[in-house]
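Peer 1: Quick one, what's the 3D model for this:
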Amino acid sequence: MSLNPIMTPRRYVTLVVITVISLHYFLSRSNMDYGQLSSISTLKEQFHPPSPSSKNTTTITAAIETYTSPTASQPTHNAPPPSQGHRANATFVFLCRNNDINGAVASVQSMEDRFNRNYHYPWVFLNDEPFTEEFKQRIGVLTDAPVSFGLIPREHWVQPDWIDEERARQGRLKMMNQRIIYGGSVPYRNMCRFNSGFFYKHELLQQYRYYWRVEPSVQFFCGLNYDPFLYMEEHEKVYSFTISLEEHEPTVRTLWDSVKEFMFENPHLIEPGNSMDFLSNDGGNKYNMCHYWSNFEIADMDFWRGPAYTKFFDFLEAKGGFYYERWGDAPIHSIAASLLANKEKIHFFRDIGYRHESFQHCPSGNQWKEGRCACDPNDSFDYSDHSCLKRFEGLFQ
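Peer 2: Numbers count the residues shown, from 1 in each chain. Prediction:
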């Protein structure tokens, strides 16, 4: 029996080829994406544009491998900053421990992605024990900026010998019974005291004036198209924040009495244009617990190093409240900045989106849009209960 001519193998193959070519031509003309994805040279150019003298001889397999498996490069920690003109004499300060590594990595990556990859400001990491090589390597791979790792001097960290340990222990037990967070922790008190009066004395920070404090597991939501350090410098600001709230009163029961005693003994150190109305609802008789949340702060270390703050901290240090109670560095810094500096020298970075644990500040309106912020603009602590932002804004009305 003879075969139908159109069903012979040769004619069948010819028909298939013609059909495939026609289909390809049709799709190429009607769908630009299909045309690009089926073009070896276009796929290669999409990821690695060829030089004028290159030849389009790369196979599609090689082009895909070039994209999915780029050659890794080692960070250069002494690389010069990009051409950005004038930069401030500033650094990031990161106090943490080796077991904070995952949170530290997340915070550094967030800061680098949102700001520092364009500025290369240095990082200074501080710890009360030596950093491990693993910690250094995992941090180092995240940035091309200089990174330094420092050990905190024992005398700047541990509870002083002159503290009455039995009195301090009773205070811790009382707070533990009240279920106050970190109420029984001596290391937490060490940290608060260190951040209040010693971090800016560390040898690695002596060359810098401004610092931006960063902590483990924080988020920076928005891109910045300007330099906050330079803003601080050019506008002569000494302290800045993103979140302000009320302190837990049992942790600072005697703090305000100590502050009032200091003001009485040192009236010449109190700035006439101060922010007392941020701290007190009655002209200074009682403390309303408002403070700037210091886990985010950009500030001038020359202010902390100056004679007024030095005398203020030494006065409070002698009271022993860091250990007999649980005085935090947030109210210490906030009270000092509010009383020893003009209110005009304190700044609210409204356009910097930031989150620490359950509290966050998220910009709104054009600032949220221009910063391409990843946070929900409707989820911001700014005007929530126990926020003190309204009191700060009231200083300028």
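
Peer 1: what is the rounded mean pLDDT of the helix or strand harbouring Phe278?
Peer 2: Applying DSSP states H and E as the criterion places Phe278 in helix 276-279. For helix 276-279, mean pLDDT rounds to 98.

Peer 1: list the helices and strands that helix packs on?
Peer 2: helix 329-340, helix 389-394 (3 or more C-beta pairs under 8 Å, 6 or more residues apart in numbering; DSSP states H and E). Quick note: C-beta positions are derived from backbone N, CA and C, even for glycine.

Peer 1: Tell me how far the shortest one lies from the chain's centre.
Peer 2: What it means is helix 389-394. Relative to its chain's centre, helix 389-394 lies at 23 Å (C-alpha atoms, centre = their mean, to the nearest Å).

Peer 1: now the nearest residue to Arg355 once chain neighbours are set aside, what's its secondary structure?
Peer 2: Of all residues beyond its chain neighbours, the one nearest Arg355 is Gln219 (4.3 Å), with distances taken as C-beta to C-beta, 6 or more residues apart in numbering. At Gln219, secondary structure determined by DSSP: H, G, I helix; E, B strand; the rest coil is strand.

Peer 1: returning to that earlier point: so which of the helices and strands packed on helix 276-279 has the densest surroundings on average?
Peer 2: Of all the helices and strands packed on helix 276-279, helix 329-340 carries the top mean neighbour count, a mean of 24, counting by mean count of other C-beta atoms under 10 Å.

Peer 1: Only alpha carbons, please: show it as CSV.
Peer 2: C-alpha atoms of helix 329-340 as CSV (Å, rounded to 0.1, in the frame of the first residue of the first chain):
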residue,chain,number,x,y,z
ASP,A,329,20.8,56.4,79.2
ALA,A,330,17.7,57.6,77.3
PRO,A,331,16.4,59.8,80.1
ILE,A,332,19.9,60.8,81.1
HIS,A,333,20.7,62.0,77.5
SER,A,334,17.3,63.5,77.0
ILE,A,335,17.3,65.5,80.3
ALA,A,336,20.8,66.7,79.6
ALA,A,337,20.1,67.8,76.0
SER,A,338,16.9,69.5,77.1
LEU,A,339,18.5,71.5,79.9
LEU,A,340,22.0,72.1,78.8
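
Peer 1: Which strands or helices does it pack on?
Peer 2: So helix 329-340, by 3+ C-beta pairs under 8 Å, 6+ apart, packs with helix 186-197, helix 255-265, helix 276-279, strand 290-292, helix 307-319.

Peer 1: Next, format the helices and strands packed on helix 276-279 as JSON lines and append mean pLDDT and distance to Asp302.
Peer 2: Output for the helices and strands packed on helix 276-279, formatted as JSON lines (pLDDT from 0 to 100; distance: least, C-beta to C-beta, whole Å):
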{"stretch": "helix 329-340", "mean pLDDT": "98", "distance to Asp302": "13"}
{"stretch": "helix 389-394", "mean pLDDT": "98", "distance to Asp302": "23"}
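
Peer 1: Of all those, which one is nearest Phe315?
Peer 2: helix 329-340 (10.8 Å; C-beta to C-beta).

Peer 1: Need the residues that contact the closest one.
Peer 2: With contact meaning C-beta atoms under 8 Å, 6 or more residues apart in numbering, helix 329-340 is reached by 191-193, 195-197, 238-239, 244, 247, 252, 255, 259, 263, 269-271, 274-276, 278-279, 289-295, 297, 299, 303, 308-309, 312-313, 316, 345-346.

Peer 1: cutoff 7 Å now
Peer 2: 192, 195-196, 238-239, 247, 252, 255, 259, 269-271, 274-276, 278-279, 291-294, 297, 308-309, 312, 316, 346 (C-beta atoms under 7 Å, 6 or more residues apart in numbering).

Peer 1: which residues sit in contact with the residue nearest to Arg355?
Peer 2: Residues near Gln219 by C-beta under 7 Å, 6+ apart: 110, 354-355.

Peer 1: and the residues you listed, which of them are in strands?
Peer 2: 354-355 (DSSP state E).

Peer 1: burial count for Leu255?
Peer 2: For Leu255, the tally of surrounding residues (other C-beta atoms under 10 Å) stands at 22.

Peer 1: I'm done for today, thanks for sticking with me.
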